[in-house]
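> Fold the following, please.
(chains A and B)
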Amino acid sequence: EPEVTQTPSHQVTQMGQEVILRCVPISNHLYFYWYRQILGQKVEFLVSFYNNEISEKSEIFDDQFSVERPDGSNFTLKIRSTKLEDSAMYFCASSMGPRGFFGSGTQLSVL
Amino acid sequence: AQSVTQPDIHITVSEGASLELRCNYSYGATPYLFWYVQSPGQGLQLLLKYFSGDTLVQGIKGFEAEFKRSQSSFNLRKPSVHWSDAAEYFCAVGAGGGADGLTFGKGTHLIIQP
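Coordinates of the predicted model:
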């Protein structure tokens, strides 16, 4: 079965630092998404991306966040100045039709 | 606003016994409903989905779910669980297919007793 790949699996950063989370979606997919899961809480939608632009975003996705598809294969989530409350598991997903495929996540710890 | 409630945080089932995980949703239009499973250290794997048509949907790993509009429910069932089914199960609702704008429940942690 095709996979969405996320790197790194764990990332530790200092508060105020910029962090980039990377995802390689499934190669023929056109829709891309980021979700996050704070420990003990629900999986929350952050943003969806299609045709090189954001198609939908949640209230969580403020100006500190940005997404990019820099080279046609990677899909990145950048947090410009991390806060303690950004500590969470971040999931990337991609889809072509009715089924979304999720990656195994990047655990971000902000110290 | 759409929402999903999974009333059971933990469920313990003996291996070989039947399983039902509850999910109730709130959504203004016809919902797209999903069940995902997350094993430790793994991503979210789609078990099954409902968009329209037959209200009883079959998924992978022997799971099925039934959409009941009158009860706003989409409960997940399996007739006989295996130890490998131990995982976190998430119900989700969305406006469309793919993984766009899904609202997830808090999850149900399934424990399998030998």
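
> Within the helices and strands, which one has A:Asp63?
Counting by DSSP states H and E, there is no helix or strand that carries A:Asp63.

> Any residues of chain B in contact with chain A? List them.
Within chain B, the residues that sit near chain A (Cβ under 8 Å from any Cβ of the partner chain) are B:36, B:41-46, B:49, B:51, B:90, B:92, B:97-107. For the C-beta atoms, the positions are set from N, CA and C on the backbone; glycine is no exception.

> Only whichever of these are buried, select them in ChimeraX.
Per 16 or more other Cβ atoms under 10 Å in any protein chain shown, the buried members of those correspond to this ChimeraX selection:
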select /B:36,43,44,45,46,49,90,92,97,98,99,100,101,102,103,104,105,106,107
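
> Pretty sure B:His109 sits against B:Thr12.
No - assessed by Cβ atoms under 8 Å, B:His109 is found out of contact with B:Thr12, at 9.3 Å.

> For the two, indicate the residue with more neighbours.
Using other Cβ atoms under 10 Å in any protein chain shown, the more surrounded residue of B:His109 and B:Thr12 is B:His109, with 15 against 11.

> Look up how far chain A lies from that one.
11 Å (Cβ to the nearest Cβ, to the nearest Å).

> what's that residue in contact with, if anything?
Residues in contact with B:His109, defined by Cβ atoms under 8 Å, 6 or more residues apart in numbering or on different chains, are B:Ile9, B:His10, B:Ile11, B:Glu88, B:Tyr89.

> Please, which helix or strand holds it?
Assigned by DSSP H and E, B:His109 belongs to strand B:108-113.

> Kindly provide the whole-number mean pLDDT of that strand.
The average pLDDT for strand B:108-113 rounds to 96.

> again, but for stretch A:98-106
So the average pLDDT for stretch A:98-106 ends up being 88.

> Next: stretch B:46-53.
90.

> CA atoms of stretch A:62-73 as PDB?
C-alpha atoms of stretch A:62-73 as PDB (Å, rounded to 0.1, in the frame of the first residue of the first chain):
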ATOM      1  CA  ASP A  62      -2.500  31.500  12.300                       C
ATOM      2  CA  ASP A  63       0.300  33.700  10.900                       C
ATOM      3  CA  GLN A  64       2.900  31.600  12.700                       C
ATOM      4  CA  PHE A  65       2.200  28.700  10.400                       C
ATOM      5  CA  SER A  66       2.900  28.300   6.700                       C
ATOM      6  CA  VAL A  67       2.800  25.500   4.200                       C
ATOM      7  CA  GLU A  68       4.700  25.000   1.100                       C
ATOM      8  CA  ARG A  69       5.300  22.500  -1.700                       C
ATOM      9  CA  PRO A  70       8.700  23.600  -2.700                       C
ATOM     10  CA  ASP A  71       9.700  21.000  -5.300                       C
ATOM     11  CA  GLY A  72       6.700  19.000  -6.400                       C
ATOM     12  CA  SER A  73       7.400  16.100  -4.100                       C
END
